[in-house]
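> this one's structure only:
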């Protein structure tokens, strides 16, 4: 399972596939390019109930303790996770970081990777998914007066964001039109199925996910 944006609220836990994309915090994060410093953009622990599971699309609909509906997409081909079903009670933990660096001339395009594992916590089924979403963006324009930056993504979409953090604004003068920046978003999600217990011998398995080339 992988969220598309940091968990600033329970509603933001899901609605993702393992597709590359930049959120506003990602735009903020890439301005740390001079040091390629990782920035924590989301940390959350919550509980939720599985409402429905669509195994064909990998879509899981959750309802959290505050009655918010959360949509989560498990990437296709991710078989090394506990199989969820309607009614399961989950304990969820999420951690996200973002970092960036100016791309070196003639360097290869960044690629995304995925790793999953499953096992047991106090005999409850447990799963972990760690994804590194990587994308190269190109700076189009910078407006120092309004603290806005415009950039294009690898799929040719153009976005403009306003930076509200003073630390981010201070880095704007160091960027110029045409700079290419590699942005990395790390999502780590772990979950425990609290309503199910394994009474037999248990083991842990791990699967290193395939590599997804950028479009």
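Sure thing, it's come through. Not measured: the values here are computed from a predicted model.
> for the residue nearest the centre of the chain, which residues make a bridge with it?
Nearest to the mean C-alpha position of the chain, counting by Cα atoms, centre = their mean, stands residue 187 at 3.9 Å. Here residue 187 sits in beta bridges with residue 96, residue 131, going by DSSP bridges.
> Go ahead and confirm it touches residue 96.
Yes. Contact criterion Cβ atoms under 8 Å: residue 187 and residue 96 qualify, at 5.3 Å. The C-beta positions use only the backbone N, C-alpha and C, and glycine is treated the same way.
> picking that back up, measure the residue nearest to the centre of the chain to residue 100 for me?
Distance from residue 187 to residue 100, counting by Cβ to Cβ, to the nearest Å: 16 Å.
> Just grab the bridge partners of the residue nearest to residue 65 when sequence neighbours are not counted for me.
Leaving aside its chain neighbours, residue 65 sits nearest to residue 47 (5.2 Å; criterion: Cβ to Cβ, 6 or more residues apart in numbering). Counting by DSSP bridges, residue 47 is bridged to residue 91.
> From the structure, what's the count of residues near residue 47?
Counted with other Cβ atoms under 10 Å, the neighbours of residue 47 add up to 15.
> Once you drop chain neighbours, what's closest to residue 69?
Here the nearest residue to residue 69 in space, its sequence neighbours aside, is residue 63; by Cβ to Cβ, 6+ apart that works out to 5.8 Å.
> Residue 124 against residue 191, yeah?
No. Checked against Cβ under 8 Å, the pair residue 124 and residue 191 is beyond contact range at 9.9 Å.
> Residue 40 touches residue 97, doesn't it?
Yes. Counting by Cβ under 8 Å, residue 40 sits close enough to residue 97 to count as a contact (5.5 Å).
> Residues that sit against both of the two, list them.
With contacts taken as Cβ atoms under 8 Å, 6 or more residues apart in numbering, residue 40 and residue 97 have no neighbour in common.
> Name the residue in those two with the higher neighbour count.
Ranked by neighbour count (other Cβ under 10 Å), residue 40 and residue 97 place residue 97 first, with 19 against 13.
> Compute the distance between the more buried one and residue 43, please.
Taking Cβ to Cβ as the measure, residue 97 and residue 43 are separated by 10 Å.
> Same question for residue 120.
Noted for residue 120: a distance of 24 Å to residue 43, by Cβ to Cβ.
> same question, residue 53
If you measure residue 53 against residue 43 using Cβ to Cβ, the figure is 26 Å.
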